[in-house]
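[1] Build the 3D model from these lines:
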Amino acid sequence: MHRYLDDCESAERSQLLSWNLTGETEIYALFHVIAERDPYERALGDVETVLDYDLTPVDDGSFYLFVRERATEDFRRFKAAFDDPSLVVVPPFEYRPDGELRFSIVGESGALRGVLDGLPTEIATRVEEVGEYDQPARRTLTDRQAEALDAAVHVGYYEVPREGSVADVAGELGCATSTASNHLRKAEARLVHQAVGDRSSRCCPT
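    The predicted model follows:
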């Protein structure tokens, strides 16, 4: 499905939010996916390791995916690199273009170095940042939403008094004004919900 995200224009982003890896043969995981639902579900049905799943719509362009999957040998090798009890792997796992998977790990320095040594050699790794843990709010945004916020800051849209307009943001992004406005609204909503807490109540099938 990571490859599907790369290849399909109607799929934008997937994040692994939580999982249960206590079993040796099966994985239970919860994803948030920004994609057109029907083609995504058809592609998911073709994945041999997927044993069962359920989709819960969030809005027209995104949904939660609860999936039960068979654990492969490759996955067990990957998981073994994080088995040190002093390590905490912090969700979300963010599935990015070109097969990249981004996530954070908290733990003692020796154990963190052990992760790099323990990963299968065919997996290329890159350490982006080392320091005190702080979940960046920006990681909750899609790439396009982040670009829209960058453009808005650049044109002075968030200055007081305001110096730039949504049309200026659209010009920076090379898109329609309505599209730029939509990106900004969604980005702002996500950041506000993260800052003050989402007061809405949603249930996801288990």
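
[2] For residue 96, name its beta-bridge partners.
    residue 100 (DSSP bridges).

[3] would you list every one of the helices in this protein?
    Per DSSP state H, the chain carries helices over the ranges 2-7, 37-45, 73-80, 109-118, 143-155, 166-173, 177-196.

[4] what's the burial count for residue 113?
    Around residue 113 there are 12 other residues, counting by other C-beta atoms under 10 Å. Where C-beta positions appear, they are placed from N, C-alpha and C, glycine not excepted.

[5] Which pLDDT value goes with it?
    For residue 113, the pLDDT comes out at 85.

[6] Could you report the distance from it to residue 81?
    Residue 113 is 11 Å from residue 81, where distance means C-beta to C-beta, to the nearest Å.

[7] Can I get the helices of the chain in TSV including distance to residue 53?
    As requested, the helices of the chain are exported to TSV (distance: least, C-beta to C-beta, whole Å):
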stretch	distance to residue 53
helix 2-7	14
helix 37-45	6
helix 73-80	17
helix 109-118	29
helix 143-155	26
helix 166-173	34
helix 177-196	25
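
[8] Out of those helices, which is closest to residue 62?
    For the helices of the chain, proximity to residue 62 was assessed by C-beta to C-beta; helix 37-45 is nearest, at 8.6 Å.

[9] follow-up on the earlier one: looking at the helices of the chain, spot the one closest to residue 103.
    Nearest of those (C-beta to C-beta): helix 109-118, 10.9 Å.

[10] just how off-centre is the closest one within its chain?
    Computed by C-alpha atoms, centre = their mean, to the nearest Å, the separation of helix 109-118 from the middle of its chain amounts to 24 Å.

[11] now swap in stretch 2-14 and tell me
    Centre to centre, stretch against its chain (C-alpha atoms, centre = their mean), the figure for stretch 2-14 is 12 Å.

[12] Counting neighbours, which bits of it end up buried?
    Under the neighbour-count criterion of 16 or more other C-beta atoms under 10 Å, stretch 2-14 has 4, 5, 11, 12, 13, 14 buried.

[13] do stretch 52-68 as well
    So, applying 16+ other C-beta under 10 Å, buried residues of stretch 52-68: 53, 55, 62, 63, 64, 65, 66, 67, 68.

[14] Need the residues you listed in TSV (columns: pLDDT).
    Conversion of the buried residues of stretch 52-68 to TSV gives the following (pLDDT from 0 to 100):
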residue	pLDDT
53	95
55	94
62	87
63	91
64	94
65	95
66	96
67	95
68	95
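
[15] In strands, which of those fall?
    53, 55, 62, 63, 64, 65, 66, 67, 68 (DSSP state E).

[16] Between all of these, which two are separated the most?
    62 and 68 (21.0 Å).

[17] and residue 68, how far is that from residue 151?
    Taking C-beta to C-beta, one finds residue 68 at 41 Å from residue 151.

[18] do the same with residue 74
    From residue 74 to residue 151 the distance is 40 Å (C-beta to C-beta).

[19] who has more neighbours, the two?
    Neighbour totals were compared for residue 74 and residue 151, and residue 151 leads with 22 against 11 (other C-beta under 10 Å).

[20] show me what contacts that one?
    157, 169, 172, 173, 180 (C-beta atoms under 8 Å, 6 or more residues apart in numbering).
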